[in-house]
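Asks: Dropping the sequence and predicted coords here.
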Amino acid sequence: MLSPANKRGEQLVSLEDVGVLRGGRWLVRGVDFSVSRGEIVTLIGPNGSGKSTSAKAAIGVLKPDEGRVERLVGLKVGYVPQKLSIDWTLPLTVRRLMTLTGPLPEREMHAALEAAGIAHMRDAEVQHLSGGEFQRALMARAIARKPDLLVLDEPVQGVDFSGEIALYDLIKSIRNASGCGILLISHDLHVVMAETDTVICLNGHVCCRGTPETVSRSPEYVRLFGSRAAQTLAVYSHHHDHTHLPDGRVRHADGSVTDYCHPEDGHHVHGTHEHTQGTHEHAHAGHGHAHAHDDHHAHDHAHGHAHSRSGESRHA
Ligand SMILES: Nc1ncnc2c1ncn2[C@@H]1O[C@H](COP(=O)(O)OP(=O)(O)OP(=O)(O)O)[C@@H](O)[C@H]1O
């Protein structure tokens, strides 16, 4: 366990060579990263690459089968999961959502709703909220108990472009106001929150990591999306030296194919940010978003959506 201290920059959680084995299959292996107070770490990677698994291992919801996870003693975690088991046939107000798992003093509930920008919606029915409002309600619920570490699994799901920017602005203001560490999970392989300190690209293991390049420097991007978007979103451009084949095997840069790959294989290019692989190009025009909302009354996946981006990568 990490020793307790209360200063910005202290490490809240760290994973070292973490592997999770389920049903005879390694869901992730060789995962290492850390989150410090005030730091924003974004996990990216395709569906099933182990983002949620790694985040759950980080906060202790899931026990790793190998490696080490160290958490600050007494670490308070606010977790917004990707899926919520809510019976949408029952009426549920925002106020009730806030206290589902435990009592909360009225003053603290109000402060959290206020911080999330939905204080005026406390008596609204959750099932009537828009995608962005629902995410705000979930975030309010998570920040109400003043966590040291906020874990957000797909916080912009089901949210349109301007809503996405507004939510990232909210996340930034939560971090600035509370100084908490933030572990963010994103489906997007290329565009991340500009405030992200470290991007970790997963594909069953850490493929690469680095800082996002800030797009605010690009006049082209600013012209297309406006300065607010450029301040909020950044491009994470990266290079992988191997390709994961549909059957789970791995093709390396030299053309050889192996059954698996892990960091200890020594063929990962960590910290490389060149945009050298055509398959990772991302078309920004119109932000390339196609958001299709599921009816959350019929799904346990609250406000699910399908992301379709032109130039979606073949992930290495
Ligand atoms: N308890 C479990 N038992 C067996 N397999 C599991 C379990 N939990 C997750 N998996 C599998 O592990 C893999 C990684 O899942 P995980 O949810 O971590 O991926 P992800 O990157 O978060 O995906 P997505 O972007 O689709 O949310 C998937 O193939 C998933 O089916």
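Replies: Sure, I can see it. Numbers count the residues shown, from 1 in each chain.
Asks: contacts and neighbour counts: CA atoms only from here.
Replies: OK.
Asks: Could you pull out the strands in the stretch 1-150 of the chain for me?
Replies: Using DSSP state E, counting those that start in this stretch, the strands of the stretch 1-150 of the chain run over 11-22, 25-36, 40-44, 66-71, 77-80, 149-153.
Asks: ok, what's across the strand from the residue positioned nearest the centre of the chain?
Replies: In the chain, the C-alpha nearest the mean C-alpha coordinate belongs to Ile185, at 1.2 Å (C-alpha atoms, centre = their mean). Ile185 has these beta-bridge partners by DSSP bridges: Leu43, Asp153.
Asks: ok, now which ones touch it?
Replies: Contact partners of Ile185, counting by C-alpha atoms under 8 Å, 6 or more residues apart in numbering, are 42-44, 51-52, 151-155.
Asks: Apply 6 Å and report the result again.
Replies: Applying C-alpha atoms under 6 Å, 6 or more residues apart in numbering to Ile185 gives the contacts 42-43, 153-154.
Asks: Count the neighbours of Val13 for me.
Replies: 22 (other C-alpha atoms under 10 Å).
Asks: for Gly23, same thing?
Replies: 6.
Asks: Please list the residues of the stretch 151-300 of the chain that sit near the ligand.
Replies: Within reach of the ligand by C-alpha under 6 Å from any ligand atom, the stretch 151-300 of the chain has these residues: His187.
Asks: Recalculate using a threshold of 8 Å.
Replies: Residues of the stretch 151-300 of the chain lying close to the ligand (C-alpha under 8 Å from any ligand atom) are 185-187, 202-204.
Asks: gap between the residue nearest to Leu75 when sequence neighbours are not counted and the ligand?
Replies: Closest residue to Leu75 apart from its sequence neighbours, by C-alpha to C-alpha, 6 or more residues apart in numbering: Asp148 at 6.3 Å. Remark: distance between Asp148 and the ligand (C-alpha to the nearest ligand atom, to the nearest Å) = 22 Å.
Asks: May I have the predicted confidence score for Asp148?
Replies: For Asp148, the pLDDT comes out at 96.
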